[in-house]
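Trainee: give me a model of this one.
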Amino acid sequence: MENSISIVSLGGNAILRRGEEGTVEEQFHNADSCMAEVARMLSSGHKVVITHGNGPIVGNIVLRGECARNSIPPMPLFYSDADSEGGIGFMIQQTLYNRLIMIREVKDVVTIITQVVVDADDPAFSRPTKPIGPYYRKEEIEALQRNNGWVMIRQTGGYRRVVPSPMPKRIVEKNVIQRLALEGVVVIAAGGGGVPVVETADGTLRGIDAVIDKDLTTSVLATEIGAERIVILTDVDRVYRDFGTPRQAGLDHVSLAEIKAFHAEGHFPPGSMGPKIMAAIRFLEAGGKRVIITLPELMGKALEGRAGTTIVP
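Mentor: The predicted structure follows:
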């Protein structure tokens with residue numbers, strides 16, 4: 001375990017729960033609950049990197065800018081990605097630090113604003129699919145599309161804005177993330193999928209408006225820093241076949257071949273469990289040892305194989 005890195009990936013719904021107003025107090029409370037489990041993991045000697053989602057928080061940041069556009073210039077989406085990464089990172093950083101103080105575990109915790117290289121020609125830029133921000137009523141969307149040029153889709157609960165979600169290619173700050181993690185520093189990185197950037201002909205970087213799927217970025221980061229395990233914390237206790245139907249069946253321990261077969265059969269929709277399973281497949285195919293998917297409060301049991309879904313090569 002001495003040189004073994006685990007990545008703990010927090011879904012945006014682990015920070016902002018369904019049915020909540022989304023106040024800062026609620027977000028800190030939820031982050032604190034998650035970090036209590038991470039602190040126990042660290043006290044067992046694990047080296048940990050934390051990644052996290054940013055939805056719908058990044059959409060709320062964009063919305064604030066739109067509401068104030070007559071007073072201040074609106075910021076580009078990639079800047080809002082960085083904004084959310086810093087704000088959520090601070091929240092996780094502080095709550096984890098406090099939890100470590102409570103159990104007298106001395107660890108440095110740091111947030112790294114992470115740039116993720118994407119392809120400027122990625123098809124996602126012509127086919128936006130990533131929902132961000134709040135839900136809107138049908139009578140509101142025409143004005144939003146006309147005035148802002150937003151692409152809107154219908155979901156359960158209303159209409160939402162969708163933005164490009166290109167594939168992550170590589171993590172710019174991977175070397176420093178790996179070095180700090182191996183030294184025992186808890187690194188919070190690649191928040192919200194990281195800040196999407198494209199590489200120009202001379203090697204310089206330029207931000208581009210998109211939101212990268214955080215699970216796919218987590219998979220790339222885990223591979224690049226040589227992590228052995230990804231723990232994905234989400235809003236269900238485990239992965240299910242035929243989820244939401246009378247045939248629903250939970251998966252406990254499955255192989256890479258089995259999960260690929262279930263994925264090919266269409267058990268994991270793109271808007272929910274699909275990206276997590278795709279990230280798990282890519283990580284394990286690249287040499288990763290284990291992926292665990294569960295609720296934050298079940299992480300301890302899941303690490304012992306007593307809860308959640310564990311996927312192995």
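
Trainee: my read: Gly192 touches Ser80, true?
Mentor: No: the pair Gly192 / Ser80 is not scored as a contact, 9.4 Å apart, by C-beta atoms under 8 Å. Just so you know, the C-beta spots here come from the backbone N, C-alpha and C atoms, and that holds for glycine as well.

Trainee: what is in contact with these two at once?
Mentor: Common contact partners of Gly192 and Ser80 (C-beta atoms under 8 Å, 6 or more residues apart in numbering): Val58.

Trainee: higher neighbour count, the two?
Mentor: More crowded of Gly192 and Ser80, by other C-beta atoms under 10 Å: Gly192, with 30 against 26.

Trainee: what pLDDT is listed against the more buried one?
Mentor: Listed pLDDT for Gly192 reads 94.

Trainee: try His46
Mentor: Looking at His46, its pLDDT is 92.

Trainee: and for it, the neighbour number?
Mentor: 18.

Trainee: got it, and Pro134?
Mentor: Residues near Pro134, counting by other C-beta under 10 Å: 14.

Trainee: so it: helix, strand or coil?
Mentor: Following DSSP: H, G, I helix; E, B strand; the rest coil, the label given to Pro134 is strand.

Trainee: surely it touches Arg160?
Mentor: Yes: proximity of Pro134 to Arg160 meets the contact threshold set by C-beta under 8 Å, at 7.4 Å.

Trainee: can you list residues touching both of these two?
Mentor: By C-beta under 8 Å, 6+ apart, the residues touching both Pro134 and Arg160 are Gly59.

Trainee: the stretch 151-300 of the chain: strands as residue ranges?
Mentor: Ranges of strands in the stretch 151-300 of the chain, per DSSP state E, counting those that start in this stretch, are 151-155, 158-163, 170-171, 186-188, 195-199, 205-207, 229-233, 239-241, 249-251, 253-255, 290-294.

Trainee: in JSON lines, list the ones you listed along with mean neighbour count, mean pLDDT and distance to Glu26.
Mentor: Shown next, in JSON lines, are the strands of the stretch 151-300 of the chain (neighbours: other C-beta atoms under 10 Å; pLDDT from 0 to 100; distance: least, C-beta to C-beta, whole Å):
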{"stretch": "strand 151-155", "mean neighbour count": "14", "mean pLDDT": "90", "distance to Glu26": "22"}
{"stretch": "strand 158-163", "mean neighbour count": "20", "mean pLDDT": "89", "distance to Glu26": "20"}
{"stretch": "strand 170-171", "mean neighbour count": "19", "mean pLDDT": "98", "distance to Glu26": "30"}
{"stretch": "strand 186-188", "mean neighbour count": "28", "mean pLDDT": "98", "distance to Glu26": "20"}
{"stretch": "strand 195-199", "mean neighbour count": "22", "mean pLDDT": "98", "distance to Glu26": "25"}
{"stretch": "strand 205-207", "mean neighbour count": "13", "mean pLDDT": "98", "distance to Glu26": "30"}
{"stretch": "strand 229-233", "mean neighbour count": "26", "mean pLDDT": "97", "distance to Glu26": "17"}
{"stretch": "strand 239-241", "mean neighbour count": "21", "mean pLDDT": "96", "distance to Glu26": "27"}
{"stretch": "strand 249-251", "mean neighbour count": "14", "mean pLDDT": "96", "distance to Glu26": "29"}
{"stretch": "strand 253-255", "mean neighbour count": "14", "mean pLDDT": "97", "distance to Glu26": "34"}
{"stretch": "strand 290-294", "mean neighbour count": "25", "mean pLDDT": "97", "distance to Glu26": "22"}
